[in-house]
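*Asks:* What follows is a protein structure lacking sequence information:
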């Protein structure tokens, strides 16, 4: 058997193809561009062939222990503290928010407005016994820092069970 034949998976005599969830959207975008350009033949070709897909925003986060506290630091540059929400639900610390950016360029014969949006949602399981009222959060220079006091662990000394002989 040839090397290429070994590397190409076959299913019922046909070559298997990788599923691309954005392929249909890209095809639809091409069809709309084609329709638009056919309808308006004198329109300058300003429409670019940039794939239409949402950009996921996932902020970098560090979690570490310091001075008996769990510390979570998230880099949220360009995000307002008003666009960030911190909640505790069923033993999980949830940090969610939205990044919004607008860039406007105005020149003599040129105008461009770009907008981008992205929401994020991060969750961390909290140790059992954490008291929500003791959790503190600060936001400075685009960095969110959440300090969670670790609960005091109770050391069980065990209970001696006497053995009764019969």
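*Replies:* Received, thanks. This structure is a prediction, so every number in the text was calculated from the model and none was measured.
*Asks:* Geometric centre of the chain: which residue is closest?
*Replies:* residue 58 (3.3 Å; Cα atoms, centre = their mean).
*Asks:* Wasn't that one part of a strand?
*Replies:* No. Secondary structure of residue 58 (DSSP: H, G, I helix; E, B strand; the rest coil): coil, not part of a strand.
*Asks:* which ones are touching it?
*Replies:* Going by Cβ atoms under 8 Å, 6 or more residues apart in numbering, residue 58 touches 120, 122. All C-beta spots, glycine's among them, are computed from the backbone N, C-alpha and C.
*Asks:* 10 Å instead, please
*Replies:* By Cβ atoms under 10 Å, 6 or more residues apart in numbering, the residues touching residue 58 are 118, 120, 121, 122.
*Asks:* Pull out the buried members of the residues you listed.
*Replies:* Neighbour-count burial (16 or more other Cβ atoms under 10 Å) is assigned, among those, to 118, 120.
*Asks:* which two in the contacts of residue 58 are spaced the farthest apart?
*Replies:* 118 and 122 (13.1 Å; Cβ to Cβ).
*Asks:* sorry, back to before: can you list the contacts of residue 58 in TSV and add secondary structure?
*Replies:* Formatted as TSV, those follow (three-state DSSP):
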residue	secondary structure
118	strand
120	strand
121	strand
122	strand
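*Asks:* Closest one of the contacts of residue 58 to residue 134?
*Replies:* residue 122 (20.5 Å).
*Asks:* who's that closest one bridged to?
*Replies:* residue 95 (DSSP bridges).
*Asks:* Much appreciated, bye for now.
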